[in-house]
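Asks: next comes the sequence, and after it the predicted model I'd like to discuss.
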Amino acid sequence: MNFLKKIFSPTILIISAVLLFYTFYQSEIYWSGKQRSYYLIYYLILSVLTIFSIISFFISSKLKEYFIILVISIVFSLYLFEGYLILKENLANSIILKEKLNKKEKNKILKAKLYKKKQKKNGIQDRRCKSIKI
């Protein structure tokens, strides 16, 4: 944990500076300032992160340790929640797909039964529909 405490503040500062520069590039250079209102929330979040990273150089070692544990827990929880949402969406999509396949299968069976009834009504025997019972 000692090594992590030493590299935590510089790492957060570098990450926030790079993300702030990238946001500036996207907002002002790539979109020529036309999407500035869209990137405003990113500017605010990254500015707070940059200020916090500068303050983290001056906080005590114990407080920094607690904050590292907090950040790791939050990141892990967010990834875990994202995994849950992805699995839930995949499960819902597979259920919808099964329902569609079941409807198609039921439609095929219904069509075959109707075809067999029509053939019986007209007095024609068809070998394809012998296995279907009415």
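Replies: The structure has been received and is ready for your questions.
Asks: contacts, neighbours, all on C-alpha from now
Replies: OK.
Asks: low-confidence ranges in the chain?
Replies: Confidence mapping of the chain against pLDDT under 70 gives the ranges 124-134.
Asks: helices along that one, start to end?
Replies: 2-24, 36-55, 61-122 (DSSP state H).
Asks: in CSV, list those helices along with mean neighbour count.
Replies: Formatted as CSV, the helices of the chain follow (neighbours: other CA atoms under 10 Å):
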stretch, mean neighbour count
helix 2-24, 15
helix 36-55, 15
helix 61-122, 13
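Asks: so can I have JSON lines of the ones you listed showing distance to residue 30?
Replies: JSON lines is the format used below for the helices of the chain (distance: least, CA to CA, whole Å):
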{"stretch": "helix 2-24", "distance to residue 30": "9"}
{"stretch": "helix 36-55", "distance to residue 30": "11"}
{"stretch": "helix 61-122", "distance to residue 30": "29"}
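Asks: now do stretch 3-21: distance to the chain's middle.
Replies: Using CA atoms, centre = their mean, to the nearest Å, the mean C-alpha position of stretch 3-21 is found 26 Å from that of the whole chain.
Asks: what's in contact with it?
Replies: Residues external to stretch 3-21 that are found in contact with it (CA atoms under 8 Å, 6 or more residues apart in numbering): 43, 46-47, 49-50, 53-54, 56-57, 61, 64-65, 68.
Asks: go again with 6 Å.
Replies: Outside of stretch 3-21, the residues within contact range by CA atoms under 6 Å, 6 or more residues apart in numbering are 46, 50, 53, 56-57.
Asks: next, give me the two most distant ones among the residues you listed.
Replies: 46 and 57 (17.1 Å; CA to CA).
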